[in-house]
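> My questions concern the predicted model and sequence given below.
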Amino acid sequence: MNSIRFLLPDSPSIKSIQRLPLSCDIPYYSLIGDRGRGDSPNNSDGVAPYGSSHLASAVSEKIVPSGHGANEDPTAIEEMRRILLDAINP
């Protein structure tokens with residue numbers, strides 16, 4: 001099995017991971033790219049659709065004008081900074 005096959009939506013590994021429960025003891029956040037189109041939830045980051053990135057139980061969700069490399073977007077970087085600062089200064 002290679003990484004491309006592992007990431008396919010119908011991959012047995014992906015289906016197994018999706019069935020695992022998310023811990024309610026660990027906060028998690030969503031940073032989602034929409035390629036700057038501003039029409040989420042009807043968009044994607046160019047690789048993953050909004051629906052596969054959205055988690056209703058996330059502490060927060062930030063949609064940034066970026067593609068799949070949202071972690072490099074200045075808006076996303078500022079949001080990550082905010083999250084980390086909030087964690088050390090509650």
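Yes, it's here.

> what's the helix or strand hosting L84 packed up against?
Counting by DSSP states H and E, the element that carries L84 is helix 74-88. Applying 3 or more CB pairs under 8 Å, 6 or more residues apart in numbering; DSSP states H and E, one finds that helix 74-88 contacts strand 30-33, strand 61-64. Every residue, glycine included, has its C-beta placed from N, CA and C.

> Repeat the analysis, applying 6 Å as the threshold.
strand 61-64 (3 or more CB pairs under 6 Å, 6 or more residues apart in numbering; DSSP states H and E).

> what packs against the strand it packs on?
strand 30-33, helix 74-88.

> ok, 10 Å please
strand 30-33, helix 50-53, helix 74-88 (3 or more CB pairs under 10 Å, 6 or more residues apart in numbering; DSSP states H and E).

> quick one: contacts of the helix holding L84?
Residues from elsewhere that reach helix 74-88 (CB atoms under 10 Å, 6 or more residues apart in numbering): 27-33, 59-66, 69-71, 73.

> what about it, average pLDDT?
Confidence over helix 74-88 (mean pLDDT, whole number) is 93.

> repeat for stretch 24-39
The model assigns stretch 24-39 a mean pLDDT of 88.

> try stretch 54-66
Stretch 54-66 comes out at a mean pLDDT of 90.

> Measure how far it is from the centre of its chain, please.
6 Å (CA atoms, centre = their mean, to the nearest Å).

> Buried residues, that stretch. List them.
Residues 58, 61-64, 66 are the ones in stretch 54-66 that count as buried (16 or more other CB atoms under 10 Å).
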